[in-house]
Each structure stands twice: as C-alpha cells, then as structure tokens.
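> here are the coordinates; sequence isn't available:
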C-alpha cells in the first residue's frame, strides 16, 4: 500500500530520515535517506500491506523518531 507522510515540524538539526514499518518490528528501512524537505511537503511511501504503523527516524546527530498509526 502507498501512504503519504507529512511532517508538520522538524528540528533544526535534522536533514535526512529513514522510514520503517512494524511489519518486521522496525528492523529494516522501507525507505532511506529521505530529505527533511520532502517530508515537510509530503511524500508517498510504499509500505508492506500488513503494516499498521510506520516509524519516521532522523539520521545523524539527532536520532529521534515518531511512530505513526496507519488508518
């Protein structure tokens, strides 16, 4: 399935993000090195059909993440 991810805010120290899904317990990125600008404007990501949640995780010095429930 394809979902659109839009971040409403991102820290000043963030630049790239990886996207994970709960279909493999957030082990392997389903998309890597996504620029923060793409996520702030909205970007479509293909996720496994059995995914119920995605994780957007910052790379670099900041490694914070947010888990998003899929509707």
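Looks like it came in fine. Here the structure is a predicted model, which means the values were calculated and not measured.

> sheet partners, orientation included, of the strand or helix carrying residue 68?
If you go by DSSP states H and E, residue 68 is part of strand 65-69. In the sheet containing strand 65-69, its partner strands are strand 53-58 (antiparallel), by DSSP bridges.

> quick one: the helices in the protein?
36-41 (DSSP state H).

> go ahead and flag the most central residue of it.
Centroid-nearest residue in the chain, with C-alpha atoms, centre = their mean: residue 56, separated by 2.8 Å.

> per-residue pLDDT of the closest residue to residue 39 other than its chain neighbours, please?
In space, residue 39 comes closest to residue 7 once its chain neighbours are excluded; the distance is 4.4 Å by C-beta to C-beta, 6 or more residues apart in numbering. Every C-beta, even on glycine, is put in place using the N, C-alpha and C of the backbone. With respect to pLDDT, residue 7 scores 93.

> alright, that wraps it up for me.
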